[in-house]
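[1] Let's see this in three dimensions:
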Amino acid sequence: MKDARMFVDTNILVYAYDLSAGNKHEKAKEIIKDLWSTGDGLISTQVAQEFFVTVTRKIAKPLGLGQAREILKDLLQWKTITIDGSLIVDAINIQEKYQYSFWDSLIIASAMEGGAVTIISEDLSDKQKIGDVTISNPFTEKATK
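    Below you'll find the model as predicted:
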C-alpha cells in the first residue's frame, strides 16, 4: 500500500471543530474523518499548539479546556513532527526561497520532514509543489465540486 501521508494545517483542524464555520466546518470534518479511516493524518507540535489556542480562545464558541485537551490527545495519536533546531533552519531556507512567512514555512518543513505527499491548508498556495509535497486547498471552487 502506498504511503499517502497528509499534513493537516491548523486552519483545517479548527474548522472541523468550529460549528460556526458553515460549509468549511462540514468539509473539514469530512477530511478529518477520512484521515482517521486511512491513518494518513500528520501534524506537528506547532499545529497542535495553534489548534489548542485557537479553539479555546479565538472561535465564536470556544471549546472548554477539557474538551480541547481530549481532542488534542486524540490528534496526537497521528504521526506528529516535533519542531527542533534543524527544522527551524529548514523553515528559514523555505521562507527565503518561497517567500512564505516563517510560520507557514515551518508548516511546509514539518510536512516534508514527516514524508507528507500533501499539505491540506487554506493559507498556502493551492497546487504549489515544494519538494515532494503538493499543497491542496480543499475550499477552492474546484475542490468542492
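
[2] Next up, phi/psi of the residue nearest the centre of the chain, please.
    Centroid check for the chain by C-alpha atoms, centre = their mean gives D9 as the closest residue, at 1.6 Å. Backbone torsions of D9, given as degrees, to the nearest 10, read phi -70, psi 160.

[3] got a list of what the closest residue to it other than its chain neighbours touches?
    Leaving out its chain neighbours, the residue that sits closest to D9 by C-beta to C-beta, 6 or more residues apart in numbering is S121, at 3.5 Å. All C-beta spots, glycine's among them, are computed from the backbone N, C-alpha and C. Counting by C-beta atoms under 8 Å, 6 or more residues apart in numbering, S121 makes contact with 9, 11-12, 107, 135-137.

[4] Tell me which residues of the helix or strand harbouring V53 come out buried.
    In this structure, V53 sits in helix 45-57 according to DSSP states H and E. For helix 45-57, burial by neighbour count (16 or more other C-beta atoms under 10 Å) applies to 46-48, 50-52, 54-56.

[5] so what secondary structure elements neighbour it?
    Packing partners of helix 45-57 (3 or more C-beta pairs under 8 Å, 6 or more residues apart in numbering; DSSP states H and E): helix 10-17, helix 65-75, strand 79-81, helix 102-113.

[6] pLDDT of whichever helix or strand comes after the longest one, averaged?
    In this case it means helix 102-113. Proceeding N to C from helix 102-113, the next assigned helix or strand is strand 118-120, under DSSP H and E. Averaged across strand 118-120, the pLDDT comes to 98.

[7] Partner strands of strand 118-120, with direction?
    Sheet partners assigned to strand 118-120 using DSSP bridges are listed as strand 6-8 (parallel), strand 133-136 (parallel).
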